[in-house]
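Undergrad: Turn this into a model:
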Amino acid sequence: MKKITNVFIHPEEILSQLDLHDSMEVADFGCGNGYFSIPLAKVVVNGNVYALDVIKETLEAVESQANLKGIENIKTIHCNLEILNNSKLENESMDLVLMRNILFQSQKKAEIIKEANRVLKPNGKLILLEWIPGSSMAPKKGELISKDEAIELMKAEEIELDKELILDNQHYGLIFEK
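TA: Numbering: from 1, shown residues only. Alright, predicted model coming up:
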């Protein structure tokens, strides 16, 4: 498979690289406007997608999109992922946690990872998509995190790197396993 060179992550291209099945329980940490939540919900039709964000308006946008598209397996949760247990998800209840462009926005990266680890089932997968520090489109504000730094933070939580995803030239993508 060739490297994708456009500057935007396309959810369907990323999801096609994952081992997804239709009855998974998935948490989209920092879901924003549902860029990944909606496509995920179309794949895990017999499961659920929990779209979590700290901004209420983005959750309303996700709900609105889901309603327009007749998607009924998305549940939105307003929460601060930097606070342990604030996601309101049960311990070890998720097959997959997706984190896209969320860590660079936080000074409490380890806390977000701890929350992801708490909700992941044993052998669950954590997908991390982040900006490549120094890439042309990367935000100038925030605290960008390198691939190596991300791997070390995950190791501290006993979440191990499984493989890398093929992405655009602005982001890196890593699959971790609990």
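
Undergrad: Which residue ranges of the protein form strands?
TA: Assigned by DSSP state E, the chain shows strands spanning 25-29, 48-53, 74-78, 94-100, 120-131, 160-165, 171-177.

Undergrad: Tell me which of those strands sits nearest to Y35.
TA: When the strands of the chain are compared by C-beta to C-beta, strand 94-100 sits nearest Y35, at 7.4 Å. C-beta: built from backbone N, CA, C; applies to glycine.

Undergrad: Now do the closest one: which elements does it pack against?
TA: strand 25-29, helix 109-119, strand 120-131 (3 or more C-beta pairs under 8 Å, 6 or more residues apart in numbering; DSSP states H and E).

Undergrad: Would you mind giving those as a markdown table with mean neighbour count and mean pLDDT added?
TA: Shown next, in a markdown table, are the helices and strands packed on strand 94-100 (neighbours: other C-beta atoms under 10 Å; pLDDT from 0 to 100):
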| stretch | mean neighbour count | mean pLDDT |
| --- | --- | --- |
| strand 25-29 | 26 | 98 |
| helix 109-119 | 21 | 98 |
| strand 120-131 | 20 | 97 |
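
Undergrad: Pipe these into TSV and attach distance to A156 per row.
TA: Listed next are those as TSV, based on distance: least, C-beta to C-beta, whole Å:
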stretch	distance to A156
strand 25-29	17
helix 109-119	7
strand 120-131	13
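
Undergrad: Among those, which comes closest to I83?
TA: helix 109-119 (7.1 Å).

Undergrad: Residues contacting the closest one, please?
TA: 27, 29, 81-87, 89-94, 97, 99, 102-103, 106, 126, 143, 145, 153-154, 156-159, 178 (C-beta atoms under 8 Å, 6 or more residues apart in numbering).

Undergrad: Give the residue spans of this protein that score low on pLDDT.
TA: Low-confidence segments of the chain, defined by pLDDT under 70: 1-8.

Undergrad: Identify the single longest helix in this structure, thanks.
TA: helix 56-68 (DSSP state H).

Undergrad: who's in contact with it?
TA: 31-34, 37-38, 41, 51, 53, 71-72, 74, 76-78.

Undergrad: count of neighbours near the closest residue to L128 other than its chain neighbours?
TA: Residue nearest to L128 in three dimensions, not counting chain neighbours: L174, with 4.7 Å by C-beta to C-beta, 6 or more residues apart in numbering. By other C-beta atoms under 10 Å, 20 other residues sit near L174.
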